[in-house]
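Q: I'd like to go over a predicted model; first the sequence, then the structure.
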Amino acid sequence: MTQTSARTRIHAEPLTCTLGAELHGVQLGEASRDDALFAEIKQLLLRHKVLFLRDQNLTRAEHVAFASRLGPLEDHPVLGSDPDHPGLVRIYKDLDSKPEHYENALHCDATWRECPPMGAVLRCIETPEVGGDTIWVDMAEAYRRLPEHIRIQIADLRARHSIEASFGAVMPVEQRHQLKERYPDPEHPVVRTHPETGEKILFVNAFTTHFVNHHTPQNVRFGQDHAPGANLLLNYLISQAAIPEYQVRWRWTPNSVAIWDNRSTQHYAVQDYWPAVRKMERAGIAGDRTS
């Protein structure tokens with residue numbers, strides 16, 4: 001059902017039963033300057049976890065200004081940011097792009113940070129005629145629908161997340177080690193509590209390497225339980241993001257925008273469009289320590 005505000009006339013059209021809504025009747029440039037309009041969008045974001053808008057004629061300054069209302073922006077240590085707009089990362093894919101595949105894996109942004117990002121605002125500059133969609137996943141729904149015995153088993157588990165084992169993997173050894181020194185592998189709860197909604201979230205993804213407190217008498221009888229057993233459980237949990245019932249898929253058009261809550265979602269940028277060009281610009285918002 002479309003939700004309408006009498007004051008601002010924002011139409012929020014849900015795209016699935018639990019995740020994602022397309023907003024109509026609002027310009028983010030205006031919302032970057034209007035407290036009431038921004039507050040309404042923020043509440044819709046907490047409800048739907050990812051919001052989509054088309055035909056947003058944003059300047060880069062307005063893009064950064066709107067995202068900054070959600071929190072301080074942060075650069076990316078590998079991708080860098082626009083020199084004139086700190087915190088705005090250019091994600092341009094063309095025939096000269098490096099053959100890396102950091103986006104086409106289900107992931108939650110930068111969980112290799114001690115305080116992972118709160119979210120992001122991503123704008124499409126140029127997109128292929130066909131392909132280049134992005135998928136988001138509701139990790140609160142993924143947690144809710146786990147078997148009860150699994151929820152009990154993982155309630156107190158914690159896990160490491162690594163930039164060294166992801167972005168650093170293609171780097172020379174010394175450079176990779178320097179990257180890890182800047183960003184030591186943090187430890188996060190496997191089940192995170194959303195700081196604003198109180199929802200429980202399954203918080204493991206492509207950056208997660210291993211559990212740190214699985215090897216206990218309650219979990220481990222023999223070595224087979226310790227290493228293969230823990231790895232199988234982690235792989236099972238990570239695989240939940242691939243279930244279509246938890247997903248929403250968005251087809252980009254120029255000047256379309258996605259705003260997502262990185263605390264409760266994962267996403268996957270589908271790289272099925274070569275040799276076409278795809279240009280995106282993302283403002284990432286700093287987050288809080290996990291709990």
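A: Right, received. Where do you want to start? Numbers count the residues shown, from 1 in each chain.
Q: alpha carbons only for contacts and neighbour counts from here, please
A: Noted.
Q: Quick one: distance of the helix or strand that contains residue 239 to the chain centre.
A: Using DSSP states H and E, residue 239 sits within helix 230-239. With C-alpha atoms, centre = their mean, to the nearest Å as the basis, helix 230-239 stands 19 Å off its chain's centre.
Q: ok, and for the helix or strand just after it, which residues are buried?
A: Counting by DSSP H and E, the next helix or strand C-terminal to helix 230-239 is strand 247-250. By 16 or more other C-alpha atoms under 10 Å, the buried positions in strand 247-250 come out as 247, 248, 249, 250.
Q: Over to stretch 190-199?
A: Quick answer for stretch 190-199 (16+ other C-alpha under 10 Å): 190, 191, 192, 193, 194, 199.
Q: What of stretch 239-252?
A: 240, 241, 242, 245, 246, 247, 248, 249, 250, 252.
Q: Give me the residues contacting that stretch.
A: 15-16, 18-20, 106, 124, 127, 131-139, 141-142, 266 (C-alpha atoms under 8 Å, 6 or more residues apart in numbering).
Q: if we go to 6 Å?
A: 133, 134, 135, 136, 137, 138 (C-alpha atoms under 6 Å, 6 or more residues apart in numbering).
Q: likewise stretch 228-238?
A: So stretch 228-238 is contacted by 204, 205 (C-alpha under 6 Å, 6+ apart).
Q: The same query, at a cut-off of 7 Å, please.
A: Applying C-alpha atoms under 7 Å, 6 or more residues apart in numbering, the external contacts of stretch 228-238 come out as 204, 205, 214.
Q: Most neighbours among those residues, which one is it?
A: residue 204 (31 neighbours; other C-alpha atoms under 10 Å).
Q: Quickly find the element holding that one.
A: Judged by DSSP H and E, residue 204 forms part of no helix or strand.
Q: quick one: it and residue 191 touch, right?
A: No - judged on C-alpha atoms under 7 Å, residue 204 makes no contact with residue 191 at a distance of 8.2 Å.
Q: For the stretch 151-291 of the chain, which segments count as helices?
A: Here the stretch 151-291 of the chain has its helices, by DSSP state H, counting those that start in this stretch, at 173-182, 223-224, 230-239.
Q: Pick the most buried one from those.
A: Across the helices of the stretch 151-291 of the chain, averaging neighbours per residue (mean count of other C-alpha atoms under 10 Å) puts helix 230-239 on top, at a mean of 16.
Q: give me the beta-bridge partners of the spatially closest residue to residue 70 that is not a sequence neighbour?
A: Nearest residue to residue 70, sequence neighbours excluded (C-alpha to C-alpha, 6 or more residues apart in numbering): residue 285, at 6.8 Å. Beta bridges link residue 285 to residue 73, residue 119, judged by DSSP bridges.
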